[in-house]
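>>> from the sequence below, what's the structure:
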Amino acid sequence: MPPLQRALDLRPDLAERFAAYYGQLWSDRLVDPVLLELCRLRIAQLLGDAEQQMLRYRPALEAGLTEDKIRALAQYPSSPMYSDHERTCLGYAEQYLMDVHSITDADADRVKEQMTEPEFVAFTVALGLLEGVGRFRLMLGLSDERLEHPLVIDPPAPGAPVP
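Numbers count the residues shown, from 1 in each chain. Take a look at the predicted model:
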């Protein structure tokens, strides 16, 4: 059982609701799985979560995400592997992580240029969840496993354990 799930199991009522919510993030598909995975990985990089940096969610890989693109993630602002929209979204994700209160309407509008309103809301909610889970894992010391190679995993089904 993943360490985060063991921690959540201390409160089964919350664990069940959390798992359903986290699983829905991947199953609803309001956010492009490649973009979601890039943001998840960038948040893990910025938080220093080595374990999460080595996980790969299968839907993102099936949608075309490559290890070359992942390796270039730290250089996304200047890497030709990233589209303008991906750069904008990754910058928004960084800003959300570092100082959510500094996000302006103009920052949000740049992200929304290629998203519908429901997609933008889902994207922003996803960032909050990814940040919260990342910080929670680190705070509880749940990110101590060192993987030598990327591990491809399926996203949790709503209600399933969260890696």
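>>> ok now the longest helix anywhere in the chain, how far from the chain's centre?
Using DSSP state H, we find that the single longest helix of the chain is helix 117-139. Put simply, helix 117-139 sits 7 Å off its chain's centre (C-alpha atoms, centre = their mean, to the nearest Å).
>>> against which helices or strands is the very next helix or strand once past it packed?
On the C-terminal side of helix 117-139, the closest following helix or strand by DSSP states H and E is strand 151-153. Judged by 3 or more C-beta pairs under 8 Å, 6 or more residues apart in numbering; DSSP states H and E, strand 151-153 is in contact with strand 55-57, helix 58-62. Placement of C-beta: from N, CA and C, glycine included.
>>> can you get me the centre-to-centre distance for strand 151-153 and its chain?
Centroid displacement of strand 151-153 relative to its chain, using C-alpha atoms, centre = their mean, is 14 Å.
>>> who does that strand pair up with?
Strand 151-153 has the following strand partners under DSSP bridges: strand 55-57 (parallel).
>>> identify each buried residue in the partner strand, please.
Within strand 55-57, the residues that count as buried by 16 or more other C-beta atoms under 10 Å are Leu55, Arg56, Tyr57.
>>> I'd like those residues as TSV, with pLDDT and distance to Leu127 appended.
Shown next, in TSV, are the buried residues of strand 55-57 (pLDDT from 0 to 100; distance: C-beta to C-beta, whole Å):
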residue	pLDDT	distance to Leu127
Leu55	89	17
Arg56	94	19
Tyr57	90	15
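>>> on that earlier part again, among the helices and strands packed on strand 151-153, which is nearest Pro150?
For those, the distance to Pro150 is smallest for strand 55-57, at 5.1 Å, taking C-beta to C-beta.
>>> list the buried residues in the longest helix of the chain.
119-120, 122-124, 126-127, 129-131, 133-134, 137-138.
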